[in-house]
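1. Predicted model follows, preceded by the sequence.
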Amino acid sequence: MSRSLSPLIALFALAVLYALPAIAPRAMVQDLFGILTLLVLAMNWNLLAGFAGLVSVGQQAFVGIGAYAMFAAIILMGLDPLVGVVIGGIAAAVFAVPMAFFAFRLNGAYFAIGTWVVADIARLAISQWKALGGGTGTSLPKGTAKEMAFVDGIKEMLDVSTAAAADALTYWLMLSLAVAMLVASYIFLRSRMGLGLQAIRDNENAARSVGVDPLKLKAAVFLLTAFATGLCGALAFIQITRVTPDAAFSVIDWTAFVIFITVIGGIGTLPGPIVGVVVFYALQRALADYGTIYLIVLGCLGIAVMLFARRGLWGLFTDRTGIDPLPLRHRPPRVAKPSHSA
Amino acid sequence: MSALLTIAGLTAHYGDFQALFGVDLTLDQGQTVAIIGANGAGKTTLMRAITGVAKVTAGSVRLAGEEITRSPAPDILTRGVAMVPEGRKLFPSLTVEENLLIGAHARRGNGFWTLERIQTLFPILKERRLSPGTALSGGQQQMVAIGRALMSNPQVLLCDELSLGLAPVVIKEIYAAFPQIKDSGTSIIVVEQDISQALRVADHVHCMMEGRITLSGRPSELSRDAIHDAYFGVNHA
């Protein structure tokens, strides 16, 4: 019964999420936007670290590059912010090419540190960019949100202020990005390439001997996640409206929290980041008034999960119940020809 | 019959250490050749040199007339030389079925071997298809490894020490599949320390010692004494 029910529940939840700007207060939409941003980043990091074995601590490079490319598209080129978001994604993917060239020579912990170093170099380089405010950053020109495509239509449809309509638009885009990430990850991981990635995780040499090219697959994941991370960063900073090198390239906000979310939710599982982001948000809410204790509790919880539930809360759940609505098992490809076996 | 795989004067080194000394060997279409020899005779190095894993310092390997010496290992696999590695090397996080499916990664187009045909060859692999590959017994894992190599539809199947660590009855069960593999048109090279098993399946046997082939012939032509001498390097003069 749970098997036939779970897609219905998921569809209902999705419908509610899409309807939210029409029925919920603007503060809640903004809150959820923040959660979805972390979710998209966590899904990307999960693909990298959990499935491709690339433990990157430099994802903030793509968030920052995406954000800055979007600001450049608006301020320097006068483009629509939504076009800027796409440019942000592309800029991040382009930046990932030389970054991979450098970082892929390193393994394990060295790869992690290498990506962090590259991200910091990008932060320092961007803070030299005087046209975008240098080290102190810059803001979106007044009225940018108002002039964004579709905002007028949404404003009329929902009968809200321009600012709320812009929030609704970015929220919908981030929600769609999260859904697209989930669907794309599922399809990718169930494909031949996903099977190859899993084999590489088990034994890279043995994978090579059956014709899987680890470098090619890892590079593909690195570039694709850089693109999605760049899109997400650009979209996030449309809502923030102000960018500084320190905020856009923050290792804590864009990578450390994201690692925490993925690890407690369940690294290497598809629903892991979703569970992780819900737990993270609940903790953040519950402990908001306690200052630094909040971070200490997060740290302790992270350590506990790593010690006692290595596949995270989601892994614990599937192990105990045997329920897995998004199984990643591979089925043989359907052959059009009739089978000849007995 | 035409020569499918021709190896001429193959020499390989591990650093300064020379592991192969000008090995000559041919494998005809549809033939099964066995290579026997003690530990350290160079059998595995020969397999690794053919598949592009070990460094070849002289000589050549030709597949259907085309030079494949020093080609990258993935290319050699795509051209049709697949290996069942010593120790099986299954992927522990993949199921039996997935372990078979990944064998088709390097495959181009359709061929005789499909998942269904492999599950017919080794019915236990269908029964246990959802178990983790490494949860199977040693013999069943060996069947998965053979199936995985066949999934690439190779012209040449190299089997390295299939019988290692397996009970005689299990070894027999595995080799019982060989006539069917041969019938599919696949040519086979088996590397074995189990001499009697090698003599039973092979059309042609080569015995190696210290990186050289010291004795060759049809199983029926070779006397036990000659094999014994070539295997252990004893000279009954």
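-> Looks like it came in fine.
2. Tell me how far the residue of the stretch 101-250 of chain A found nearest chain B lies from A:Phe12.
-> At 2.6 Å from chain B, A:Gly211 is the closest residue in the stretch 101-250 of chain A, using CB to the nearest CB. C-betas here are computed from N, CA, C, even on glycine. Going from A:Gly211 to A:Phe12 by CB to CB, to the nearest Å gives 43 Å.
3. With neighbour numbers in mind, choose between these two.
-> Set side by side, A:Gly211 and A:Phe12 show more neighbours around A:Gly211, with 21 against 10, by other CB atoms under 10 Å in any protein chain shown.
4. For the residue lying closest to that one once chain neighbours are set aside, give me its contacts.
-> The shortest distance from A:Gly211 to any non-neighbouring residue, by CB to CB, 6 or more residues apart in numbering or on different chains, is to B:Ala106 (2.6 Å). Residues in contact with B:Ala106 (CB atoms under 8 Å, 6 or more residues apart in numbering or on different chains) are A:Val210, A:Gly211, B:Pro74, B:Leu77, B:Thr78, B:Ser152.
5. Need those residues in TSV (columns: secondary structure).
-> What follows is these, written out as TSV (DSSP: H, G, I helix; E, B strand; the rest coil):
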residue	secondary structure
A:Val210	coil
A:Gly211	coil
B:Pro74	helix
B:Leu77	helix
B:Thr78	helix
B:Ser152	coil
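6. Let's see stretch B:223-237 as CSV, backbone CA atoms only.
-> Extracted in CSV, the C-alpha atoms of stretch B:223-237 (Å, rounded to 0.1, in the frame of the first residue of the first chain):
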residue,chain,number,x,y,z
SER,B,223,53.2,-36.7,-22.0
ARG,B,224,52.9,-36.3,-18.2
ASP,B,225,56.7,-36.3,-17.9
ALA,B,226,57.2,-33.6,-20.5
ILE,B,227,54.7,-31.4,-18.8
HIS,B,228,56.2,-32.2,-15.4
ASP,B,229,59.6,-31.2,-16.7
ALA,B,230,58.4,-28.0,-18.3
TYR,B,231,56.4,-27.0,-15.3
PHE,B,232,59.1,-27.6,-12.7
GLY,B,233,62.1,-27.0,-14.9
VAL,B,234,63.6,-30.4,-14.1
ASN,B,235,65.7,-32.0,-16.7
HIS,B,236,65.7,-35.8,-16.8
ALA,B,237,68.7,-36.0,-19.2
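7. Let me see the ranges of the strands in chain B.
-> B:3-14, B:17-28, B:32-36, B:56-63, B:66-67, B:81-84, B:156-160, B:187-192, B:204-209, B:212-217 (DSSP state E).
8. For B:Gly42, see how far away the residue nearest to B:Glu161 when sequence neighbours are not counted is.
-> Counting by CB to CB, 6+ apart, B:Glu86 is the residue found nearest to B:Glu161 once chain neighbours are left out, at 4.5 Å. According to CB to CB, B:Glu86 stands 14 Å off from B:Gly42.
9. So for these two, which residue has more residues nearby?
-> In this view B:Glu86 and B:Gly42 are compared by other CB under 10 Å, and B:Gly42 has more residues nearby, 25 against 17.
10. Surely the more buried one and B:Glu210 touch.
-> Yes. Taking contacts as CB atoms under 8 Å, B:Gly42 lies within contact range of B:Glu210: 7.1 Å.
11. Do you have the helices of the stretch 101-250 of chain A handy? List them.
-> A:108-126, A:144-147, A:151-158, A:162-190, A:192-202, A:204-209, A:214-240, A:245-248 (DSSP state H, counting those that start in this stretch).
12. Quickly compare the strands of chain B and say which is most buried.
-> strand B:81-84 (a mean of 27; mean count of other CB atoms under 10 Å in any protein chain shown).
13. Listing partners with orientation, what would you give for that strand?
-> Partner strands for strand B:81-84, per DSSP bridges, with pairing direction: strand B:156-160 (parallel).
14. Provide the contact partners of the strand it pairs with at residue level.
-> Contacts of strand B:156-160 (CB under 8 Å, 6+ apart): B:4-5, B:27, B:43-44, B:47, B:50-51, B:63, B:80-86, B:146, B:149-150, B:181, B:186-191.
15. ok, A:Ile23 - how many residues close by?
-> So A:Ile23, with other CB under 10 Å, has 10 neighbours.
16. nope, A:Leu295 is what I meant
-> With other CB under 10 Å as criterion, A:Leu295 counts 12.
17. if I look at it, how far off is chain B?
-> Separation of A:Leu295 from chain B (CB to the nearest CB, to the nearest Å): 34 Å.
18. and the host helix or strand of that residue, what other elements does it pack with?
-> Secondary structure from DSSP states H and E places A:Leu295 in helix A:292-308. Using 3 or more CB pairs under 8 Å, 6 or more residues apart in numbering or on different chains; DSSP states H and E as the contact test, the elements touching helix A:292-308 are helix A:257-265, helix A:272-286.
19. These: which one's closest to chain B?
-> Of all the helices and strands packed on helix A:292-308, helix A:272-286 comes closest under CB to the nearest CB, at 15.8 Å.
20. does any bit of the closest one sit next to chain B?
-> No. Judged by CB under 8 Å from any CB of the partner chain, helix A:272-286 and chain B are separated, with a smallest distance of 15.8 Å.
21. Let me know the pLDDT of B:Gly138.
-> Note for B:Gly138: predicted pLDDT of 90.
22. what's the neighbour count on the residue nearest to it when sequence neighbours are not counted?
-> In space, B:Gly138 comes closest to B:Leu166 once its chain neighbours are excluded; the distance is 5.4 Å by CB to CB, 6+ apart. Neighbour count of B:Leu166, defined by other CB under 10 Å: 19.
23. And for A:Asp159?
-> Around A:Asp159 there are 10 residues (other CB under 10 Å).
24. For it, grab phi and psi.
-> phi 60, psi 60 (degrees, to the nearest 10).
25. can you tell me which helix in chain B is longest?
-> As assigned by DSSP state H, the longest helix anywhere in chain B is helix B:138-150.
26. so the most centrally placed residue in chain A, which of the three states?
-> By CA atoms, centre = their mean, chain A has its centre lying nearest to A:Leu41, at 2.0 Å. Following three-state DSSP, A:Leu41 is assigned to helix.
27. Leaving out sequence neighbours, find the closest residue to it.
-> Nearest to A:Leu41 is A:Val258, by CB to CB, 6+ apart, at 4.6 Å.
28. quick check: angle from the longest helix of chain B to strand B:156-160?
-> Going by axes from the mean of the first three to the mean of the last three CA atoms, to 10 degrees, helix B:138-150 is angled at 150 degrees with respect to strand B:156-160.
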